[in-house]
Structure formats: C-alpha cells, structure tokens
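Enquirer: My questions concern the predicted model and sequence given below.
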Amino acid sequence: MHSLPLKVRRLGRQPYEVTWKAMSDFTNRRQADTADELWLLEHDPVFTLGQAGKMEHVLMPGDIPVVPVDRGGQVTYHGPGQIVAYPLIDLRRAGLGVRELVNRIEQVLIDTLEHWNIGAERLQGAPGVYVGGAKVGALGLRVRRGCSFHGLAFNVNMDLEPYHRINPCGYKGLAVTQVLDLGGPSQLADVEDVLVAEFCRQFGFDATSAAPEIPVLPELPAHAAV
C-alpha cells in the first residue's frame, strides 16, 4: 500500500479568524486530486465556542475574545505556547470514518507524549487526551464534503491562566496541564517534529514540507460546489 502525500505547513503565529476562514475555504475549494495538508501554528489568545458550546461555560473572558465557530465540541482556549494542528484530510480517499479519525488523532497525541515517558490516556465520553486526569490535548473537528478541518490543540509551554476563565470543554473545574509541566521539552518545534512523525505513522502519510503560508486554492465553478 502506497503512502498518501501530506503537505505540512508550519504557519507560525496566526490570528484565529483568518485561519478559520482559510481552512474553510480550502475545504470548500479542494478537488479530488488536492493533496491533504497538516497546518501547524499558534494562535493569538482566543476562546472558541464549538457548535455544542454554551456561553454559560465562558465564566469571565476579560480581554480575550470569544469566537463561536462551526467545529464540534464546547469551549476551549488557544494561545501562544500551544500547538494547534489542523488536519485537512479527504476522509474518503484515506478510508477513514469520523470516529476513527478522532481515535487516531488521540493516539497520535498519546504516542507523541510517550517519547518523553509521559503516560497519557483517553477518558470515556470526553474527547481529548489526559495525564493523571488533567487535559493536555483537546479535539474539535468538522467534516464537510467528506473532508476534515479544524483539529487539535496541544498544550506545550503556555500561560494556563485563561483556562480558569472557562469551564474547559464544558466541564466545571476540569484540570488542564501541559507538556513542559509533565517533564517534556519547552520548545514547540521539538514537539511538532515528533507530532508530525507520529501523525504520518498513524495515518500512513508521507510528509513533505510546504511553504509556510496559508494556501489559496482557485475558485471552483459554481456548478462544481457540493
């Protein structure tokens, strides 16, 4: 079985709403032969509220904006020091269902943490990855036209204070942790390298580095959009 190509883009620090629109546009415009991509980045501080999200879980956002979005899940926080990864995958071509996609992304995070002897696990009914009951990685996905967008947030070396301003993922008092506090590295690039390798291993991708800029696909003819 041949590996599927995967373009990996390291986009640096990006505003949330610009990136959200870009990955939505990418998903709308991609065609059958469009290569899958994995975008890696950090976001400016923002709370995002998924489709199941309730404002009652946003306790005191203060100066951090709250953005309702079209992914699954509840409220979460993005900020500097956190790896955000957006897998833009044609699920039909990859032979994946949504449940398997979620399961494999969680396994990517578990296997990545294992590189630093950090034992992580899933919790029944609460998507994401946990260490000692504290959440270190969150998931929120959307599928459109058979393709995934949105993705995962992996806490590495960040200010965790904003999590006290929300009920993370809708759970009051949910503990949150990060790679650095668990004995892992402080540099995002070091964790990204392992994350990409584990992602490719889990999904059977062959990664190539792409330009560190958000791609713009051509407009589809009006009759081609589905």
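Expert: Perfect, thanks for sending it.
Enquirer: Helix or strand for Gly151, just tell me which one.
Expert: strand 147-155 (DSSP states H and E).
Enquirer: Identify each buried residue in that strand, please.
Expert: By neighbour count, with 16 or more other C-beta atoms under 10 Å as the criterion, the buried positions of strand 147-155 are 147-155. Heads up, the C-betas are built off the backbone N, CA and C, glycines and all.
Enquirer: how distant is that strand from the center of its chain?
Expert: Taking C-alpha atoms, centre = their mean, to the nearest Å, one finds strand 147-155 lying 2 Å from the centre of the chain it belongs to.
Enquirer: Point out the other helices and strands that that strand packs with.
Expert: Applying 3 or more C-beta pairs under 8 Å, 6 or more residues apart in numbering; DSSP states H and E, one finds that strand 147-155 makes contact with helix 16-29, strand 82-88, helix 98-114, strand 134-144.
Enquirer: Let's test this: mean pLDDT of the following helix or strand past that strand, rounded?
Expert: Tracing the chain past strand 147-155, the next element assigned as helix or strand by DSSP H and E is helix 188-203. When pLDDT is averaged over helix 188-203, the result is 97.
Enquirer: next one: stretch 53-63
Expert: In this model, stretch 53-63 has a mean pLDDT of 94.
Enquirer: Got phi/psi on His115?
Expert: Dihedral angles phi and psi of His115 (degrees, to the nearest 10) take the values phi -60, psi -30.
Enquirer: So for this protein, the centremost residue is which one?
Expert: Central residue of the chain (C-alpha atoms, centre = their mean): Leu152, 2.0 Å from the mean position.
Enquirer: and that one, bridged to which residues?
Expert: The partner list for Leu152 in beta bridges (DSSP bridges) reads Ala85, Leu139.
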